[in-house]
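predicted model and sequence follow; I will ask about them next.
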Amino acid sequence: MPIYEYKCDVCGHEFEELVFSSSTENPSCPECKSKDTEKQLSSFSSGASSDDPIPSMPPSGGCGSSGFS
């Protein structure tokens, strides 16, 4: 079940909701109970902080990596 972010068109409350794949309607606002909610564009986390160095790729090798002979 994915978690979606919603915003209420009536009171402006922003909330997250676990949504079943079979559900076709937006959830009600938990603050004012309005059905007028909109799904928001969600961001995601990469799991690394901005202070972490980016890992380098290992040197290539194997078949065909030595160029022409």
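Done, it's in. Numbering: from 1, shown residues only.

and for Ser28, the neighbour number?
By other C-beta atoms under 10 Å, the residues close to Ser28 number 16. In this view, the C-beta of every residue, glycine as well, is placed from N, C-alpha and C.

looking at it now. What's its pLDDT?
With respect to pLDDT, Ser28 has a value of 96.

is it true that Tyr6 touches Asp36?
No - Tyr6 lies out of contact with Asp36 (C-beta atoms under 8 Å); the separation is 10.3 Å.

looking only at neighbour counts, state which of those two leads.
Tyr6 (20 against 13).

check contacts around the more buried one.
Listed by C-beta atoms under 8 Å, 6 or more residues apart in numbering, the contact set of Tyr6 reads 14-17, 26-27, 29, 37-40.

I figured Asp36 hits Cys8, correct?
Yes - counting by C-beta under 8 Å, Asp36 does reach Cys8; the two are 6.7 Å apart.

who touches both of those two?
By C-beta under 8 Å, 6+ apart, the residues touching both Asp36 and Cys8 are Cys29.

before we move on, back to that, overlap in contacts, Tyr6 and Asp36.
Cys29.

name the element Glu38 belongs to?
Glu38 belongs to strand 37-39 when assigned by DSSP states H and E.

which strands and helices sit next to that strand?
Under the contact definition 3 or more C-beta pairs under 8 Å, 6 or more residues apart in numbering; DSSP states H and E, strand 37-39 sits against strand 3-8.

partner strands of the first helix or strand past the strand it packs on going along the chain and their direction?
Using DSSP H and E, the next helix or strand after strand 3-8 towards the C-terminus is strand 14-18. Strand 14-18 pairs in its sheet with strand 3-8 (antiparallel), by DSSP bridges.

report the buried residues of the strand it pairs with.
Neighbour-count burial for strand 3-8, counted by 16 or more other C-beta atoms under 10 Å, picks out 4, 6, 8.

taking the mean pLDDT, what do you get for it?
94.
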